[in-house]
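Enquirer: Here's my sequence, what's the structure:
(one chain, ligands or ions: 4)
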Amino acid sequence: MAIDTARQTKHSVCALDCPDTCSLLIDVDSLGKGSRLRGNPDHVVTQGFLCGKVAQYLDRNYHAERLMHPLKRTGPKGTGQFTRISWDEALDTVATRLQQVSDTHGPEAILPYSYAGTMGRIQANGMDRRFFHRLGASRLDRTICSSAGGVGLMAAVGYRYGTEPEQFTDSKLILAWGANIHGTNVHLWPFIVEARRRGAKLYTIDPVLTRTGALADRHFYINPGSDLALALGMMHVILHENLHDQDYVAQHTTGVADLKAYVADYTPTHVAQLTGIAAEDVIFLAREYATTRPAVIRLNYGVQRSERGGRAVHAIASLPALVGAWRDVGGGLQLSTSQAFRFNADALERPDLQQRSPLGREARIVNMSRLGHALNDLDQPAVHAMVVYASNPAGIAPNQNAVRRGLKREDLFTVVLEHFLTDTADYADIVLPTTTFLEHNDLYLAYGHYHVQMARPALPAPGECKPNTEIFRLIAQRMGLTDAELTASDDDLMRAALDSGHPFMEGITLEALEQEHSIRLKLSAPGQPFQPFAEGFPTESGKLHFDVANWHYTPPVESRHGTARHDEARQFPLEMVSSKNDNSMNSTFGNRPAVNHETSAAKIHPDDAAPRGISTGDRVRVYNGRGSMLLRAELTPGLRQGVVRIPAVRWGKLADDGQTVNALTSERLTDIGNGATFYNCLVEVERCGE
Ligand SMILES: Nc1nc2c(c(=O)[nH]1)N[C@H]1C(S)=C(S)[C@@H](COP(=O)(O)OP(=O)(O)OC[C@H]3O[C@@H](n4cnc5c(=O)[nH]c(N)nc54)[C@H](O)[C@@H]3O)O[C@H]1N2
Ligand SMILES: Nc1nc2c(c(=O)[nH]1)N[C@H]1C(S)=C(S)[C@@H](COP(=O)(O)OP(=O)(O)OC[C@H]3O[C@@H](n4cnc5c(=O)[nH]c(N)nc54)[C@H](O)[C@@H]3O)O[C@H]1N2
Ligand code: SF4
Ligand SMILES: [Mo]
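Expert: Numbers count the residues shown, from 1 in each chain. Ligands and ions are numbered 1, 2, ... in the order given. So this is what the prediction gives:
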């Protein structure tokens with residue numbers, strides 16, 4: 001066979017909702033067929049490797065069930081019966097129906113629903129936003145993942161950024177706090193391996209012994225949602241043993257005297273009762289943390305998917321200031337790095353295009369974490385049309401039975417832009433086939449490093465697939481919206497986003513990205529490490545304020561601790577943590593058999609299984625007042641007793657009972673940030689027959 005001399009290696013970027021935002025290389029033959037997807041060896045964070053899920057992404061890209069042309073529904077909603085239609089018919093239907101809904105009920109009756117199926121700036125945060133602003137549609141508050149933690153972090157340090165991953169090699173103590181680094185953020189791992197080779201210790205704090213916990217020097221099992229109490233207990237020990245950095249505290253913080261008085265009650269013994277972490281371990285953690293330099297906390301979002309999660313992040317993110325950890329290269333804290341990416345969001349998303357509602361107000365804001373409520377209970381106006389893209393709410397949104405009840409409404413017109421017929425697409429009136437990140441233009445920030453990236457299509461769009469940007473341009477056109485903002489090209493959008501004038505973005509242009517693919521933000525002078533808070537904070541006073549006003553810890557309503565008096569806790573005595581699966585990405589790879597297997601397990605502590613007569617391999621029903629789901633039991637001592645872990649999120653349509661784990665979760669919101677509380681969820685488990 002002749003060698004394909006036209007084969008090229010192209011650059012791309014992984015668009016999945018992952019902190020690592022990897023730089024990719026792909027071989028493409030003369031017919032445009034891709035092979036050998038791999039990590040870019042020249043990228044300082046990607047380091048030439050990919051996680052297991054994306055190493056096989058081409059299987060997904062070329063999957064036989066990939067959507068290739070528009071569809072319209074032919075059966076009852078939710079049954080997934082469709083017939084092929086042309087783009088012409090699809091666009092006409094969508095334009096006509098959206099217009100009708102807007103004319104009849106007002107534009108706020110239209111709800112966009114999107115999250116981070118792609119993290120690209122233009123495909124899921126660009127033309128779509130302009131279009132919905134111009135319509136005057138309801139605005140979606142995108143709270144499903146990180147808003148509680150984001151608000152908590154800002155309350156502490158003023159910005160949503162922190163320690164650079166490359167600096168972890170200099171750390172001597174790494175606290176992985178609600179962070180399954182090896183499972184969800186694997187490109188941080190090599191830096192930790194190097195730090196440990198140089199003598200660093202790694203401790204993990206998690207109700208579950210994850211892959212990361214199993215590799216740590218010590219693991220601390222914590223009661224779900226009790227992290228605020230642990231942070232206060234550590235502060236108690238640090239202040240009462242005078243282990244804080246008096247100089248840094250005096251120069252760069254306020255309120256330490258109040259803090260000391262406030263945490264007096266949070267003695268190790270009291271904190272042990274609240275968190276389940278033994279008093280001597282609370283003391284151990286505090287002493288190790290305060291006396292080891294540099295010390296870094298890798299806080300991840302596990303902590304803040306909880307009723308007390310926002311304040312927990314606020315308190316945890318105040319710890320590095322107490323011990324002066326921000327002074328050191330390799331010290332500090334990382335929850336997210338995203339806010340350092342100073343794109344010009346206003347120029348990209350054009351909130352100024354927003355039409356006022358016929359009621360004379362700004363378009364209302366709808367919280368995506370309460371979609372069940374939005375679809376069933378909102379009025380003035382009720383939601384009559386929903387356009388879903390880069391998200392799968394029938395699977396990933398809490399209180400799934402309410403969500404699906406809403407999606408079934410005959411008076412709701414639903415459009416879904418997708419790669420596959422997901423649980424959500426099965427409820428659509430019109431399904432539109434979209435390109436993947438390998439097939440379209442996009443510009444990327446990251447939330448786990450500081451490199452801006454851009455990707456051109458590495459592969460041709462298959463079948464009749466189109467990018468989201470193009471689909472929103474076409475719908476706008478059919479609706480007679482000819483504004484220049486709605487006809488802007490992908491490059492126009494990227495240029496608008498890059499043109500912010502912020503010093504971090506200096507020299508980062510489309511042309512520069514075209515050449516270099518990935519460029520580090522200009523965070524510090526060449527050769528100098530980025531130390532964001534070594535010299536104070538970007539708050540009004542320039543200081544971090546130990547703001548104890550709302551730090552009083554009471555256990556989450558939906559937990560066994562302190563609320564055992566409640567009926568709920570008696571009926572449903574186990575706490576379910578539906579944290580991330582190791583080998584997938586939320587529901588994105590749910591049609592892979594191995595992922596379906598992984599997400600169909602209920603992990604149960606032997607001491608909880610025994611009284612229920614449950615053994616590994618048994619079929620069990622996990623249930624509460626909101627729903628029920630059938631799973632396979634897997635006994636493991638790697639859990640806090642009383643906790644059941646169900647890795648999220650499977651495809652309901654592939655399960656006998658049609659359910660995902662979100663049949664069980666609630667629409668209750670976090671203390672601050674209006675986030676979802678996926679990880680405070682009381683359930684009961686019973687063995688069931690075949
Ligand atoms: N493999 C894989 N990688 C992913 C994803 C995926 O689905 N699979 N999803 C991506 C997304 S969307 C995100 S947001 C990130 C999230 O990344 P992470 O935040 O690391 O992931 P989570 O699994 O949500 O939570 C981390 C850990 O927090 C623990 N946890 C739960 N409740 C508590 C608590 O109350 N206190 C403490 N201390 N720990 C708690 C969980 O058991 C879990 O091990 O990962 C991204 N990467
Ligand atoms: N129980 C429980 N529920 C959870 C979580 C949990 O830990 N436990 N995690 C929560 C969190 S942190 C998050 S971030 C959310 C994630 O929820 P979602 O953002 O909905 O993420 P996915 O489930 O990965 O679904 C993304 C969908 O986007 C599609 N997609 C990908 N790229 C594109 C594109 O370019 N265009 C279009 N139109 N579509 C595209 C994919 O095919 C996929 O079906 O889930 C939340 N739900
Ligand atoms: S999912 Fe994360 S680790 Fe995997 S390739 Fe994408 S960015 Fe990299
Ligand atoms: Mo997320």
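
Enquirer: C-alpha from now on. contacts and neighbour counts both.
Expert: OK.

Enquirer: Tell me, what's the model's pLDDT at the residue sitting nearest the centre point of the chain?
Expert: Centroid-nearest residue in the chain: Cys145, 4.1 Å away (criterion: CA atoms, centre = their mean). Per-residue confidence at Cys145 stands at 98 (pLDDT).

Enquirer: Repeat that for the one 5 residues further on.
Expert: As summarised for this prediction, Gly150 has a pLDDT of 98.

Enquirer: What are the buried residues along the worst-scoring helix or strand of the chain on mean pLDDT?
Expert: The weakest-scoring helix or strand in the chain, judged by mean pLDDT, DSSP states H and E, is helix 567-571 (a mean of 77). By 16 or more other CA atoms under 10 Å, the buried positions in helix 567-571 come out as Glu568, Ala569.

Enquirer: Could you report the distance from the residue in the chain positioned nearest to ligand 3 to ligand 1?
Expert: Closest residue of the chain to ligand 3, CA to the nearest ligand atom: Thr21 (3.7 Å). Distance, Thr21 to ligand 1, using CA to the nearest ligand atom, to the nearest Å: 10 Å.

Enquirer: What helix or strand is that residue located in?
Expert: Using DSSP states H and E, Thr21 sits within no helix or strand.

Enquirer: so it makes contact with Tyr450?
Expert: No. Between Thr21 and Tyr450 there is no contact under CA atoms under 8 Å: 10.0 Å.

Enquirer: can you list contacts of the helix ranked longest in the chain?
Expert: Across the chain, the helix with the greatest residue count (assigned by DSSP state H) is helix 87-105. Helix 87-105 has contacts (CA atoms under 8 Å, 6 or more residues apart in numbering) with 69-72, 107-110, 381-382, 384-385, 413, 415, 430, 432, 474-476, 478-479.

Enquirer: can you give me the strands for the stretch 151-300 of the chain?
Expert: Using DSSP state E, counting those that start in this stretch, the strands assigned to the stretch 151-300 of the chain run over residues 173-177, 201-205, 218-220, 253-254, 295-299.

Enquirer: hey, which strand is longest across this protein?
Expert: Identified as the longest strand of the chain according to DSSP state E is strand 628-635.

Enquirer: Kindly state the domain boundaries assigned to the protein.
Expert: 71-144+347-500, 147-335, 566-687 (automatic domain parsing).

Enquirer: ok, and the closest non-adjacent residue to Leu474?
Expert: Leu91 (7.3 Å; CA to CA, 6 or more residues apart in numbering).

Enquirer: wait, is Leu333 part of a strand?
Expert: Yes. Per DSSP: H, G, I helix; E, B strand; the rest coil, Leu333 lies within a strand segment.

Enquirer: For burial, what's the neighbour tally of the residue of the chain closest to ligand 3?
Expert: Residue neighbour count, defined by other CA atoms under 10 Å, stands at 26 for Thr21.

Enquirer: and it, what does it touch?
Expert: For Thr21, the contact set (CA under 8 Å, 6+ apart) comprises Val13, Cys14, Ala15, Tyr444, Leu445, Ala446, Tyr447, Gly448.

Enquirer: Near Glu540, how many other residues are there?
Expert: There are 8 residues near Glu540, going by other CA under 10 Å.

Enquirer: Which helix or strand contains it?
Expert: Using DSSP H and E, Glu540 falls within no helix or strand.

Enquirer: so Arg520 touches Ala446, yeah?
Expert: No. Arg520 lies out of contact with Ala446 (CA under 8 Å); the separation is 10.9 Å.

Enquirer: So those two - more neighbours on which side?
Expert: Legend: neighbour count by other CA under 10 Å for Arg520 and Ala446, higher for Ala446 (24 against 15).

Enquirer: Starting from ligand 1, give me the distance back to that one.
Expert: Ala446 is 12 Å from ligand 1, where distance means CA to the nearest ligand atom.

Enquirer: Let's see the pLDDT reported for that residue.
Expert: At Ala446, the pLDDT value in this model is 98.

Enquirer: who are the neighbours in contact with Val54?
Expert: Shown in contact with Val54 (CA under 8 Å, 6+ apart): Cys14.

Enquirer: Could you check how far it is from ligand 2?
Expert: 13 Å.

Enquirer: could I have the host helix or strand of that residue exported to PDB, CA atoms only?
Expert: Taking DSSP H and E as the criterion, Val54 maps to helix 52-55. C-alpha atoms of helix 52-55 as PDB (Å, rounded to 0.1, in the frame of the first residue of the first chain):
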ATOM      1  CA  GLY A  52      -8.200   7.500  29.200                       C
ATOM      2  CA  LYS A  53     -11.600   8.900  28.200                       C
ATOM      3  CA  VAL A  54     -10.300  11.300  25.600                       C
ATOM      4  CA  ALA A  55      -7.500   9.100  24.400                       C
END
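
Enquirer: and it, average pLDDT?
Expert: On average, helix 52-55 scores 97.

Enquirer: re earlier: would you format the domains of the chain as CSV with distance to Asn40 included?
Expert: Shown next, in CSV, are the domains of the chain (distance: least, CA to CA, whole Å):
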stretch, distance to Asn40
domain 71-144+347-500, 12
domain 147-335, 12
domain 566-687, 21
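
Enquirer: Quick one: the ones you listed as JSON lines, columns for distance to ligand 3 too.
Expert: Output for the domains of the chain, formatted as JSON lines (distance: least, CA to the nearest ligand atom, whole Å):
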{"stretch": "domain 71-144+347-500", "distance to ligand 3": "9"}
{"stretch": "domain 147-335", "distance to ligand 3": "6"}
{"stretch": "domain 566-687", "distance to ligand 3": "7"}
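
Enquirer: now, of the strands of the stretch 151-300 of the chain, which is deepest in the fold?
Expert: strand 295-299 (a mean of 27; mean count of other CA atoms under 10 Å).

Enquirer: helices and strands around that strand, which ones?
Expert: strand 173-177, strand 332-334 (3 or more CA pairs under 8 Å, 6 or more residues apart in numbering; DSSP states H and E).

Enquirer: what does the protein have sitting close to ligand 2?
Expert: Neighbours of ligand 2 within the chain, by CA under 6 Å from any ligand atom: 115-118, 144-145, 389-393, 396-397, 417-419, 434-437, 468, 578-580, 585-588, 648, 661-662, 678.
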